[in-house]
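Show me how the following folds:
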Amino acid sequence: MKCRMKTGFFIPVAMVLLLQFAACGGGNKGNQRNTPDPTPVVSILISPPTAQVEAGRSVTLIVTTQNTAITWPTASAVIGDFTVTDNQVVYTPPAIAGTYEFTVTATADTTKRATARITVYLPSEPESIHTWYYGINNNGQIIGEIYDPAGNVRAFLKDGNDYTFIEHPAAVDFTYVYGINDSGHILGSYDKGYFLKIGNDYHDLEDYEDNHGTYSTYYTAINNSGLLTGYFYDSSGYARGFIKNGNDFEVIEHQNADSTVCAYNLPCGTFLTGINNSGHVVGVFTDSGGYYRGFLKDDSGYAAIDYRLNSAINTWVSGINDSGQTVGCVYGSDGYSRGFIKTGNNFELIEHHTAARTGEGTYISGINNSGQFVGWFDDGERSHGFSLPSQ
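Numbers count the residues shown, from 1 in each chain. Sure thing, here's the model as predicted:
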């Protein structure tokens, strides 16, 4: 048998096979080509990839890998707390309803990541469209309100995971709440005025009056001694703050409050909003431009609590603890609010990560001596109450 080559010569088939064998290095191991090892497959998984937990509880996540070590996230990159042991992490998300993510990365290939999405729900929370947290005492008891699906606003006391509704026995349309002290005494209002709830008894509170008459009166806070704060409007619509001790009212008026801004049909004057167990009070007043400015009044006099950065135009102070930490919110020119905690001269802005810029933002309403604060945020559709330890 012969194999025809393009040259026209005839070469025996055996010779052709021999040439091919030689060209391929046959018979000479030193000339064999080395086949490279395949690239190792890198993978990283986290389990469970999704989970639901009650507020305040933790979830254990297991990370499995192939051909890689694990790069754990930094503390600043995670919302919540976590502890790592080998390939296991115990993650505690914030005690706020919402969905939080925990992400790990493959060290050998940083494009490979695995994320667990943890949904936090509030146990035993009443069915509601909106929820607001207004105050917290040193026992961790929280007062607030819900707007239920039937269109009713209902006040509540939250003690641990238990909710108790508060309703003045003479209320027809509403019961609201504003403050709670360590004895569990609750300050609130209903259709006919303000009340103090002590145990199961409701005690109505009187309006401020002087020799010129009785005025529309609004109570805002209570301390452990039973001192109450608030404000009243005079006949011209100008507000003055007060501290009520027993039957006596002490009128408080900030020296820089301007009454001329009342012409703009906005609430103006001095408003007391919080009191601690030393009798130090916080509040706001309207300046000559019609803006709200926060202040602290203690034994040494008045001190400003006024945040002016990042286009902030109004500062509203709502609470104070015994260490002098104050809380509230700042309103920007964009109409959006951000909560704050002020410790000494330092403002820490608080903006809930799911608060929508199209909504009201984040508001901090109260703080206790452990630095635990409460408030609410607006996600653009609903308001949600929340509580967190101070960072």
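
For Tyr194, give its distance to Gly274.
Going from Tyr194 to Gly274 by CB to CB, to the nearest Å gives 16 Å. C-betas here are computed from N, CA, C, even on glycine.

Distance-wise, check the residue nearest in space to the middle of the chain relative to Asp334.
For the chain, His352 is the residue whose C-alpha lies nearest the centre (CA atoms, centre = their mean; 4.2 Å). Distance, His352 to Asp334, by CB to CB: 16 Å.

Kindly report the same for Val282.
Noted for Val282: a distance of 25 Å to Asp334, by CB to CB.

More neighbours: which of the two?
Higher neighbour count among Val282 and Asp334: Val282, with 29 against 11, using other CB atoms under 10 Å.

According to the record, where do the domains of this protein fall?
Residue ranges for the domains of the chain, per automatic domain parsing: 43-121, 130-389.

end to end, how far does the first one reach?
What that stands for is domain 43-121. End-to-end distance for domain 43-121: 31 Å, by CA to CA, to the nearest Å.

Tell me where the model's unsure across the stretch 101-250 of the chain.
In the predicted model of the stretch 101-250 of the chain, residues 122-125, 211-213 satisfy pLDDT under 70.

what do you get if the cut-off is 80, keeping everything else the same?
Along the stretch 101-250 of the chain, segments meeting pLDDT under 80 span 121-128, 210-214.

List the neighbouring strands of the top strand by length along the chain plus their orientation.
In the chain, taking DSSP state E as the definition, the longest strand is strand 109-121. Note on strand 109-121: by DSSP bridges, its sheet partners are strand 50-54 (parallel), strand 98-106 (antiparallel).

Out of the ones you listed, flag the one nearest Asn138.
strand 50-54 (23.4 Å; CB to CB).

And the helix or strand hosting Thr60, what's buried?
Counting by DSSP states H and E, the element that carries Thr60 is strand 59-66. Buried residues in strand 59-66, counting neighbours by 16 or more other CB atoms under 10 Å, are found at Val59, Leu61, Val63, Thr65.

Repeat that for stretch 280-290.
Of the residues in stretch 280-290, those buried by neighbour count under the rule 16+ other CB under 10 Å are His280, Val281, Val282, Gly283, Val284, Phe285, Thr286, Asp287, Gly290.

Can you tell me which of those end up in strands?
Under the assignment DSSP E, the buried residues of stretch 280-290 contribute Val281, Val282, Gly283, Val284, Phe285, Thr286 to strands.

Number of residues surrounding the nearest residue in space to the last one that is not next to it in sequence?
If you skip the residues right next to it in sequence, Thr286 has Cys268 as its closest partner in space, 4.2 Å away by CB to CB, 6 or more residues apart in numbering. Other residues near Cys268 come to 24 when the count uses other CB under 10 Å.

In the sheet, which residues pair with Cys268? Tell me.
Following DSSP bridges, Cys268 is listed with bridge partners Tyr238.

repeat for Ala304
Judged by DSSP bridges, the bridge partners of Ala304 are Phe295.

ok, it - contacts?
Neighbouring residues of Ala304 by CB atoms under 8 Å, 6 or more residues apart in numbering: Arg293, Gly294, Phe295.

Counting neighbours, what do you get for the first one?
In terms of burial, Arg293 registers 22 neighbours under the definition other CB under 10 Å.

With the second one instead?
In terms of burial, Gly294 registers 25 neighbours under the definition other CB under 10 Å.

do the one 3 residues further on as well
Using other CB under 10 Å, Lys297 has 20 neighbouring residues.

Distance of it relative to Gly151?
Counting by CB to CB - Lys297 and Gly151 are separated by 39 Å.

Straight-line length of stretch 276-284, end to end?
OK, stretch 276-284 end separation, CA to CA: 16 Å.
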